[in-house]
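[1] Got a sequence here, can you build the structure:
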Amino acid sequence: MKEITVIVNDGEERRELSLESGTPLLNLVKQQPVFGAMIVAAKVDGYLVELNYRLEESAVVEFVTTAEPIGYDMYKRSLILLMVRAYNEVYPKKRIRVLYSLGKGFFCTVYDEEGRVQEPEKEELDAVKAVMLRLVEEKTPIEKKVLKTSEAVRLFEERGMKQKAELFRYRRASRVNLYSLDGYEDYFYGFMLPSAEGLSKFDLVRFDDGFILVIPSKNGLKLDKRHGAPETLYMALREAEDWGDQLGLCGVGQLNTEICNGHLNDLILIQEAVMEKQIADIAEEIHKQKKKLVLIAGPSSSGKTTFSNRLSIQLRARGLNPHPIAMDNFFKERVETPKDENGRYDFECIDAMDLELFNSTMEQLLEGKEVKMPKFDFALGEKTFDGRTLKLAPDDVLVVEGIHALNPASTYALPADSSFKIYISALTQLNLDEHNRISTSDTRLLRRIVRDARTRGNNAQSSIRMWESVRNGEEKNIFPFQGEADALFNSALIYELPAIKVFAEPLLFTVPKDCEEYYEAKRLLKFLEYFLGIDSSTVPTNSLLREFIGGGCFEI
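    Residues are numbered from 1 along each chain as shown. The predicted structure is shown next:
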């Protein structure tokens with residue numbers, strides 16, 4: 001056997017090993033120390049590979065753990081396979097749909113052979129958990145198998161997985177990778193663990209007419225069995241799911257079929273009509289409650305600006321006079337802005353806001369006083385006052401948008417019942433198929449890449465690089481306060497990914513192969529391959545999607 005030299009990078013440590021050609025990476029993992037995380041993959045000369053990969057030539061190896069987004073996704077994906085495999089053993093005639101992220105896990109539903117929802121009993125879930133734990137204890141291998149795409153379509157049709165079968169009808173590649181766990185074969189979008197070993201931290205908890213697959217945290221893989229599913233969020237997700245089911249659009253394959261059959265224009269009009277009605281209902285509630293202050297918050301790229309404009313139009317239709325106000329104009333001066341642990345300005349934290357000025361301004365406006373309004377100059381890093389003032393008339397309404405708008409600390413000086421709070425997020429109702437979710441985070445990242453390239457001159461690499469920091473800020477500053485909202489607005493559009501695909505792909509192809517962001521760009525490109533692209537000219541100019549792809553009627 002040929003001898004090769006492998007350099008293993010362990011953070012600050014660098015080890016050089018002499019190995020036989022053909023050595024599996026899995027052999028090296030057993031030698032690796034683990035610090036509160038599990039090694040699940042590796043980068044060999046910068047390319048992501050699974051742990052079953054064999055080293056044929058000398059290379060530099062860097063291991064990937066569950067503490068990283070890539071590794072954590074692999075862990076969650078493998079856990080779903082384990083759950084579906086166990087369900088198939090205990091109840092072979094039942095089907096599972098993994099629908100969306102909810103609380104600390106994934107909401108799933110169970111169906112019989114006729115497609116009817118079967119609410120699981122605790123005893124049913126306990127039996128499935130027992131099989132899952134047995135497969136973990138036995139360290140059951142997860143094996144990759146290559147199949148012709150036509151054979152995969154036939155396999156999934158025979159097993160009643162219509163979404164998977166239809167998805168692969170639009171696949172350009174002639175072959176597809178399936179994963180097998182103890183004889184059960186399935187398709188999953190992305191790499192998997194080499195075995196069920198290490199997947200012992202989970203729970204199955206009944207919820208509504210389904211159950212939640214509770215997953216451990218990214219940091220340390222700690223399991224909190226309190227799934228923490230917010231009711232308002234669940235209701236919004238369920239409403240979107242039910243609407244998709246009514247249209248017969250549960251998976252991407254079905255959406256592609258609608259596009260091929262020439263039904264795209266109707267689909268766009270229906271979606272926009274549904275969204276406009278939701279905005280009108282919120283405006284009617286504000287009018288009915290006679291609220292003078294509307295607070296809007298949501299994560300990055302959720303469409304807050306367009307929503308604010310469309311809400312303002314609906315308020316005007318009810319005889320009100322809305323005044324849009326951006327909380328960004330109430331930033332502290334740059335010299336007063338706090339810094340993060342890396343010494344960079346932390347614009348995401350609430351301490352970056354001049355809350356004293358914001359509260360006094362809102363308080364005086366609600367009292368009917370005329371107030372000088374600030375404008376933050378981001379180039380200078382300071383607030384300016386250009387003489388613009390504001391005084392509320394009887395029919396005037398303040399529409400305030402900002403990431404901290406729902407945080408009670410932001411409105412500490414205002415009466416608790418003075419405002420109407422709205423949480424907005426893109427809660428994707430579409431999934432790839434029965435077991436492969438479309439992450440709401442992926443949808444928002446693609447929106448951001450397209451918008452920032454068009455409006456801020458940022459390339460895809462820089463947008464991807466900043467995304468983890470943005471997401472961490474959302475976890476601290478936005479998600480914990482969604483329960484404060486009086487209304488939740490779902491800004492996801494069922495047709496948006498086919499439209500965004502046309503704009504995003506050229507940007508993603510520019511990400512260099514020798515940078516850390518390359519894998520994420522490659523993953524997103526692979527993800528977009530599942531969608532048929534569409535001509536965006538039929539998208540209405542007031543659509544929320546126009547905030548990202550351009551050509552809208554609002555000033556963004």
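
[2] CA atoms for contacts and neighbours, from now on please.
    Fine.

[3] show me where pLDDT drops low in the stretch 1-150 of the chain?
    The model of the stretch 1-150 of the chain has pLDDT under 70 over residues 1, 11-12, 30-36.

[4] quick one, strands of it?
    For the stretch 1-150 of the chain, the strands defined by DSSP state E, counting those that start in this stretch cover 3-10, 13-20, 23-24, 39-44, 47-50, 54-55, 59-65, 95-102, 105-111, 142-148.

[5] mind checking how far Cys553 is from Thr306?
    Going from Cys553 to Thr306 by Cα to Cα, to the nearest Å gives 10 Å.

[6] joint contacts of those two?
    By Cα atoms under 8 Å, 6 or more residues apart in numbering, Cys553 and Thr306 have these common neighbours: Asn542.

[7] thinking again about what came up before, tabulate the strands of the stretch 1-150 of the chain (JSON lines), appending mean neighbour count.
    Output for the strands of the stretch 1-150 of the chain, formatted as JSON lines (neighbours: other Cα atoms under 10 Å):
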{"stretch": "strand 3-10", "mean neighbour count": "16"}
{"stretch": "strand 13-20", "mean neighbour count": "12"}
{"stretch": "strand 23-24", "mean neighbour count": "16"}
{"stretch": "strand 39-44", "mean neighbour count": "22"}
{"stretch": "strand 47-50", "mean neighbour count": "17"}
{"stretch": "strand 54-55", "mean neighbour count": "17"}
{"stretch": "strand 59-65", "mean neighbour count": "21"}
{"stretch": "strand 95-102", "mean neighbour count": "22"}
{"stretch": "strand 105-111", "mean neighbour count": "21"}
{"stretch": "strand 142-148", "mean neighbour count": "16"}
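
[8] and Leu525, which of these is closest to it?
    strand 47-50 (15.2 Å; Cα to Cα).

[9] circling back: which one's more surrounded, Cys553 and Thr306?
    Using other Cα atoms under 10 Å as the criterion, Cys553 and Thr306 rank with Thr306 on top: 23 against 13.

[10] dump the residue contacts of that one.
    542-544, 547, 554, 556.

[11] ditto for Val205
    122, 125, 211-214.

[12] again, only this time at 6 Å
    The contact partners of Val205, taken as Cα atoms under 6 Å, 6 or more residues apart in numbering, are 211-212.

[13] can you tell me the helix or strand for it?
    strand 203-207 (DSSP states H and E).

[14] Pull that strand out as PDB, backbone CA atoms only.
    Provided in PDB are the C-alpha atoms of strand 203-207 (Å, rounded to 0.1, in the frame of the first residue of the first chain):
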ATOM      1  CA  ASP A 203     -37.300  13.400  22.300                       C
ATOM      2  CA  LEU A 204     -40.700  12.800  20.700                       C
ATOM      3  CA  VAL A 205     -43.400  15.000  22.200                       C
ATOM      4  CA  ARG A 206     -47.100  15.100  21.200                       C
ATOM      5  CA  PHE A 207     -48.200  18.500  20.000                       C
END
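
[15] so what strands line up beside it?
    Take DSSP bridges as the rule and strand 203-207 pairs in its sheet with strand 210-214 (antiparallel).

[16] list the buried ones in the partner strand?
    Neighbour-count burial for strand 210-214 flags 210-214 (criterion: 16 or more other Cα atoms under 10 Å).

[17] Could you check the angle that strand makes with strand 105-111?
    140 degrees (axes from the mean of the first three to the mean of the last three Cα atoms, to 10 degrees).

[18] Show me the contact partners of strand 210-214.
    So strand 210-214 is contacted by 104-109, 119, 202-205 (Cα under 6 Å, 6+ apart).

[19] now it: mean pLDDT?
    The average of the pLDDT scores along strand 210-214 is 95.

[20] go on, stretch 316-327?
    Stretch 316-327 comes out at a mean pLDDT of 94.

[21] For Ile286, identify the helix or strand it belongs to.
    helix 264-289.

[22] Return the distance of the one helix or strand Thr232 maps to from the chain's centre.
    Here Thr232, judged by DSSP H and E, is contained in helix 231-247. Helix 231-247 sits 16 Å away from the centroid of its parent chain (Cα atoms, centre = their mean, to the nearest Å).

[23] pLDDT of that helix, averaged?
    What helix 231-247 shows for mean pLDDT is 86.

[24] Outside of the next helix or strand after it itself, which residues are in contact with it?
    Sequence order places helix 252-260 as the next helix or strand after helix 231-247, per DSSP H and E. Contact with helix 252-260 is made by 166-167, 432, 532, as judged by Cα under 6 Å, 6+ apart.

[25] Stretch 43-55 spans what distance, first to last residue?
    12 Å.

[26] Test my guess that Asp58 contacts Ile4.
    Careful, residue 58 is Ser; it's not Asp. Yes - counting by Cα atoms under 6 Å, Ser58 does reach Ile4; the two are 4.9 Å apart.

[27] Could I get the buried residue list for the strand holding Val205?
    In strand 203-207, counting by 16+ other Cα under 10 Å, buried: 203-207.

[28] re earlier: please work out which residues outside the helix holding Thr232 touch it.
    250, 429.

[29] which non-adjacent residue is nearest Gln482?
    Tyr423 (6.0 Å; Cα to Cα, 6 or more residues apart in numbering).

[30] cool, Tyr111 as well?
    In space, Tyr111 is closest to Val117, 4.5 Å off (Cα to Cα, 6+ apart).

[31] For the closest residue in space to Val44 that isn't next to it in sequence, give its distance to Pro24.
    Among residues not flanking Val44 along the chain, Val61 sits closest, at 4.7 Å (Cα to Cα, 6+ apart). According to Cα to Cα, Val61 stands 12 Å off from Pro24.

[32] cool, and Glu348?
    Applying Cα to Cα, the value for Glu348 to Pro24 is 43 Å.

[33] likewise Val44?
    Distance from Val44 to Pro24, by Cα to Cα: 12 Å.

[34] Now for those two: what residues contact both?
    Counting by Cα under 6 Å, 6+ apart, nothing touches both Val44 and Pro24.

[35] Look up how far Gly298 lies from the residue nearest to Ser410 when sequence neighbours are not counted.
    Among residues not flanking Ser410 along the chain, Leu355 sits closest, at 6.1 Å (Cα to Cα, 6+ apart). Per Cα to Cα, Leu355 is found 19 Å from Gly298.

[36] The residue nearest to Ala413 when sequence neighbours are not counted: how many residues sit nearby?
    Spatial nearest neighbour of Ala413, chain neighbours left out: Asn359 (5.9 Å); criterion: Cα to Cα, 6+ apart. Using other Cα under 10 Å, Asn359 has 18 neighbouring residues.
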